[in-house]
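**Student:** any chance you can model this:
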Amino acid sequence: MRALLPALALLEFDSIALGIAAGDAMVKRAPVRTIFAGTVHPGKYLVLVAGDVASVEESLDAGLSTGTPMDLIYLPGVHPELARLLAGGLSTRLGEALGVVETRSAASILGVADRGLKGAEVNLQELRLADGLGGKAFCTFSGLLSDVEEAVDLGVAGLSDPETLVARVVIPQIHEDMLANLGRGIDFASRLVGSGG
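**Tutor:** Numbers count the residues shown, from 1 in each chain. Model (predicted):
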């Protein structure tokens, strides 16, 4: 999978048909470097484009001309750590505290993660978008307690609609058993099958 570039945009549609039309218009309008598009639960369609700033802006305009998404994010200077996790990378650096932000949309969590990474000395541990989450999304930050608190505060403060936030928590000194569970993924059913119990 190609790495994402300095700018990205994600449009989140509650119509699959409009999402497909938007994705098509976006790649026809500008030479974006990367496009990922597809369905997510519950019946949404996500279109993510990445590339140079001018191409992503042009592409975004084309997508918006096809219909109004339920949410969107445009990051002209995306944090490299966020881009790496979106491209399939994992973070193995852990800190003393864990911050979790959960939102009602995939687009909004990208903004939370980007603002948190840019404003505090934290690691982005995990980023999940919509599938298996009923359309919700979440990210986790780790680092020193004060830095994690700052990342969560900055991420949430930038939400354009406060109703988008489902929950935010900061856990100081997360227990090693819970941390081990988080490191193996959050899907409960697969965890039970793997436990032999």
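
**Student:** all strands for the protein, in order.
**Tutor:** 7-13, 34-40, 44-51, 71-75, 97-103, 123-129, 137-143, 165-172 (DSSP state E).

**Student:** export the fourth one to PDB, keeping only CA atoms.
**Tutor:** Pointing back at strand 71-75 there. C-alpha atoms of strand 71-75 as PDB (Å, rounded to 0.1, in the frame of the first residue of the first chain):
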ATOM      1  CA  ASP A  71     -19.300  14.600   7.500                       C
ATOM      2  CA  LEU A  72     -16.000  15.500   6.000                       C
ATOM      3  CA  ILE A  73     -12.400  16.400   7.000                       C
ATOM      4  CA  TYR A  74      -9.700  18.100   5.000                       C
ATOM      5  CA  LEU A  75      -6.200  18.100   6.400                       C
END
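
**Student:** re earlier: return the most buried member of the strands of the chain.
**Tutor:** Among the strands of the chain, strand 7-13 has the highest mean neighbour count (mean count of other C-beta atoms under 10 Å), at a mean of 27. Any C-beta I mention is one placed from the backbone N, CA and C, and that applies to glycine too.

**Student:** in a markdown table: the strands of the chain, plus mean pLDDT and distance to Leu82.
**Tutor:** As requested, these are exported to a markdown table (pLDDT from 0 to 100; distance: least, C-beta to C-beta, whole Å):
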| stretch | mean pLDDT | distance to Leu82 |
| --- | --- | --- |
| strand 7-13 | 95 | 9 |
| strand 34-40 | 90 | 14 |
| strand 44-51 | 94 | 11 |
| strand 71-75 | 96 | 8 |
| strand 97-103 | 96 | 13 |
| strand 123-129 | 89 | 6 |
| strand 137-143 | 93 | 9 |
| strand 165-172 | 97 | 18 |
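
**Student:** contact partners for Met178?
**Tutor:** Met178 makes contact with no residue, according to C-beta atoms under 8 Å, 6 or more residues apart in numbering.

**Student:** ignore what I typed, I meant Pro80.
**Tutor:** By C-beta under 8 Å, 6+ apart, the contact set of Pro80 is empty.

**Student:** please report how far it lies from Ala97.
**Tutor:** 22 Å (C-beta to C-beta, to the nearest Å).

**Student:** could you do Phe13 as well?
**Tutor:** For Phe13, the distance to Ala97 equals 35 Å [C-beta to C-beta].

**Student:** before I go, just wanted to say thanks for your time.
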